[in-house]
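Novice: Give the three-dimensional model of this entry:
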Amino acid sequence: MRHIRQEELLRAGDRVGVAVSGGIDSVALLRLLVELRHELGIVLAVVHFNHKLRGAESDADQEFVAGWAREHGLEFYCAGGDAAKLSAEEHSGLEAAARELRYGFFGDLLGAGNGAEIGIEQDVPQGLKPGSVEDHHGTAEAVGFQRQNRHRVLTRIATGHTLDDQAETVLMRLIRGTGLRGLGGIYPRIVVEHDVEDAGGEVHGEIVRPLLGLRRRELETYLADVKQPWREDSSNADSRFTRNRVRTLVLPLLEREFNPALVESLANLAEIARDEEDFWENEVSGWLGTVVQWTQPEWARGLRGFDRGQGLVQIQASRGELQGEPKSPSASRTGAISPELLERLEEPGPAVMNASVSRPWLLTEPRAVQRKVLLAIGEQAGIPLEFKHVEEILRFAAEDGPAGKELSLPLGWKIVREPEAIVFVTPDLRRPERIPDYEYPLPVPGRVMVAELGVVIEAWRVSCSVSSSPSASASVRISTKLRDAEYNPQQLLRADLLPERLMVRNWRPGDRFWAAQTKSPKKIKELLQERHVAQPMRRLWPVAASKDNDEDEEEIVWMRGFPVPARLRAGAGEDAVVIREMPWETEESAS
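Specialist: Modelled structure (predicted):
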């Protein structure tokens, strides 16, 4: 209660949806808020998202939560989606995909979505019965309704994140590398902003974390005292997930050997980092409007449909209006935007504006200010700047030398040094080849961060044996010291045929890949065209190559989304290597 009041997480009159998975944390949150709802003056509902990851077990979780809501006379909002399918489609981690689906549903309930269909069940005298309806990412067993005009169903959604979740998040980000914002961990509140026309302007909803000051063991004791059952999620013991390994291996070791109060210490660090970040955000917003000057690049000037006054990336002409525009390269020179250029301008990515910052001002500021303003420019412009990029920019800015010297940055950006300024110059979006090649060494075993993709690519040595499950023909059991999971055998490479280091890079013109079950090698360009992979992702599509030092020839041994070559595929009982992608950003827990 103290944490709720201190952070002003809930206010009288709020319609609060409690996100309940069925586990300890969320069930305890629901029980506590049921007890406190009259004192707080709030109206409660129950929210559940079925990620379809554990089959009948997931469905049983949903029924458990729905039954609890019915028993206590609370509205029950539910939806479901195939997190595994989304993970495969977006080449993201399973946790990241599940969170994307779950928080998308939360946004719908708060009125920030697109009016997707949501299941609702309410214990009323006439007894609404569950029925199978299609929701926005799958199916939900509940009575369906369609929200129109993005009206809010709820004003707050409360999740069951605890002090332990906070510590795990901060520790994972420390291990992987992070800055001040990452050290902030899980924020007590997330503001969801959107516009509702008939509400007369901007409306806010919030996702709040009332349990962020409590340990998980305290909640378990509380539920035992009130004799409240909960559901155990079997995936919490799955060592494939980084958070589970940190929770069961790393944190207990550090608490036992180094600091018994480690969880509290990490949570305190997160709170300090959040306050520091709040301060810097206010400072940075001032700099971006004063010392940083945004200008239109030369190549974009005179293009019809480009609005100079509408932020960094705004194209006013629609596709329909441009159907009659010429498609030849000369179209850009004559002031018209070709459909191909329009498509590239509308793609997510770099901003269509240059940014200039005063060199004398930048170089006389403290190092912390220098880093913050450069990172802010990168974030505003859509440039994935790492620490090494920022340090390189600062060295470049401090050097004496002729004006006009250039420094290359990710995604085709460059910095041009002028006598009194450094200028971030956007790539010429008229050129499809604007995105430069990338290449990173990948140790086997090991991992590499690929900034251009925003992912980490890992290579792990594993021992494989045929699974004894009914689906043995479709999967093999992979066992390592920290992993016990099933992988498609089409993704397993023979360890003895690979070098100690591979090269992860984007494919290049002329590259060929011989995927298993195909008659011959095929051009990667053609493979991606057949799968309708759009630019700019097609240009960035990752492969892993092995070089024969004696012959000085390269062979592509892995390609995202395709089976490995038949010649290199590992069989049962052979040591193997599995290559996989993981999200760059650390995800919050599944509470």
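Novice: Which parts of the stretch 251-400 of the chain are strands?
Specialist: Per DSSP state E, counting those that start in this stretch, the stretch 251-400 of the chain carries strands over the ranges 292-295, 354-358.
Novice: Repeat that for the stretch 401-550 of the chain.
Specialist: Using DSSP E, counting those that start in this stretch, the strands of the stretch 401-550 of the chain run over residues 406-408, 414-417, 421-425, 439-443, 446-450, 455-466, 476-479, 484-487, 492-494, 501-506, 512-513, 522-523, 542-548.
Novice: now those in CSV, with distance to residue 157, mean pLDDT and mean neighbour count?
Specialist: Every C-beta, even on glycine, is put in place using the N, C-alpha and C of the backbone. Putting those into CSV (distance: least, Cβ to Cβ, whole Å; pLDDT from 0 to 100; neighbours: other Cβ atoms under 10 Å) gives the following:
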stretch, distance to residue 157, mean pLDDT, mean neighbour count
strand 406-408, 43, 88, 14
strand 414-417, 42, 92, 18
strand 421-425, 38, 95, 20
strand 439-443, 39, 91, 14
strand 446-450, 32, 88, 17
strand 455-466, 28, 76, 18
strand 476-479, 37, 41, 18
strand 484-487, 31, 46, 15
strand 492-494, 41, 90, 23
strand 501-506, 38, 92, 20
strand 512-513, 44, 92, 18
strand 522-523, 47, 90, 14
strand 542-548, 36, 85, 19
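Novice: got those as CSV, with distance to residue 23 columns?
Specialist: Below are the strands of the stretch 401-550 of the chain laid out as CSV (distance: least, Cβ to Cβ, whole Å):
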stretch, distance to residue 23
strand 406-408, 48
strand 414-417, 48
strand 421-425, 46
strand 439-443, 36
strand 446-450, 29
strand 455-466, 27
strand 476-479, 26
strand 484-487, 21
strand 492-494, 33
strand 501-506, 37
strand 512-513, 42
strand 522-523, 46
strand 542-548, 35
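Novice: Select, out of the ones you listed, the one closest to residue 375.
Specialist: Go through these one by one with Cβ to Cβ and the one that ends up closest to residue 375 is strand 421-425, at 12.2 Å.
Novice: what's that closest one in contact with?
Specialist: Residues outside strand 421-425 that contact it (Cβ atoms under 8 Å, 6 or more residues apart in numbering) are 297, 354-359, 362, 377, 381, 383, 393, 396-397, 409, 413-416.
Novice: And the buried ones among the residues you listed, selectable in PyMOL?
Specialist: Restricted to buried positions by 16 or more other Cβ atoms under 10 Å, the PyMOL selection for the contacts of strand 421-425 reads:
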select buried, resi 354+355+356+357+359+362+377+381+383+393+397+409+413+415+416
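Novice: before we move on, the earlier item: lowest average confidence across the strands of the stretch 251-400 of the chain, which one?
Specialist: Comparing mean pLDDT across these, the weakest is strand 292-295, with a mean of 89.
Novice: Which strands and helices lie in contact with that strand?
Specialist: For strand 292-295, the packing partners by 3 or more Cβ pairs under 8 Å, 6 or more residues apart in numbering; DSSP states H and E come out as strand 354-358, helix 367-381.
Novice: So what's the gap between the shortest one and the chain middle?
Specialist: Here the centre of strand 354-358 is set off from its chain's centre by 29 Å, with Cα atoms, centre = their mean, to the nearest Å.
Novice: Pull the residues that contact it.
Specialist: Outside strand 354-358, the residues touching it (Cβ under 8 Å, 6+ apart) are 291-297, 373-374, 377, 380-381, 418, 420-426.
Novice: just to revisit the earlier point, and of the helices and strands packed on strand 292-295, who's closest to residue 29?
Specialist: Closest to residue 29 of those is helix 367-381 (Cβ to Cβ; 32.9 Å).
Novice: buried sites along the closest one?
Specialist: Within helix 367-381, the residues that count as buried by 16+ other Cβ under 10 Å are 369, 370, 371, 372, 373, 374, 375, 376, 377, 378, 380, 381.
Novice: Ok, stretch 163-174 next?
Specialist: Buried positions in stretch 163-174, judged by neighbour count with 16+ other Cβ under 10 Å: 163, 164, 165, 166, 167, 168, 169, 170, 171, 172, 173.
Novice: likewise stretch 234-246?
Specialist: Buried residues in stretch 234-246, counted by 16+ other Cβ under 10 Å: 235, 240, 241, 242, 243, 244, 245, 246.
Novice: which one of those sits closest to residue 558?
Specialist: When the buried residues of stretch 234-246 are compared for distance to residue 558 (Cβ to Cβ), residue 240 comes out closest, at 19.0 Å.
Novice: where does the stretch 51-200 of the chain dip in pLDDT?
Specialist: For the stretch 51-200 of the chain, applying pLDDT under 70 flags the ranges 90-92, 112-152, 194-200.
Novice: Reformat the strands of the stretch 251-400 of the chain as CSV; add distance to residue 547.
Specialist: Formatted as CSV, the strands of the stretch 251-400 of the chain follow (distance: least, Cβ to Cβ, whole Å):
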stretch, distance to residue 547
strand 292-295, 43
strand 354-358, 39
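Novice: Averaged pLDDT, the longest helix along the chain. What do you get?
Specialist: Assignment by DSSP state H gives helix 262-290 as the longest helix of the chain. Mean pLDDT, computed over helix 262-290, is 92.
Novice: looking just at contacts, which helices and strands does that helix meet?
Specialist: Counting contacts by 3+ Cβ pairs under 8 Å, 6+ apart, helix 262-290 packs against helix 163-176, helix 180-183, helix 251-257, helix 367-381.
Novice: Let me have these in JSON lines, extended by distance to residue 110.
Specialist: Formatted as JSON lines, the helices and strands packed on helix 262-290 follow (distance: least, Cβ to Cβ, whole Å):
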{"stretch": "helix 163-176", "distance to residue 110": "21"}
{"stretch": "helix 180-183", "distance to residue 110": "23"}
{"stretch": "helix 251-257", "distance to residue 110": "32"}
{"stretch": "helix 367-381", "distance to residue 110": "25"}
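Novice: Now stretch 182-193: buried residues?
Specialist: Quick answer for stretch 182-193 (16+ other Cβ under 10 Å): 182, 183, 184, 185, 186, 187, 188, 192.
Novice: of those, closest to residue 387?
Specialist: Distance to residue 387 across these (Cβ to Cβ) is lowest for residue 182, with 11.8 Å.
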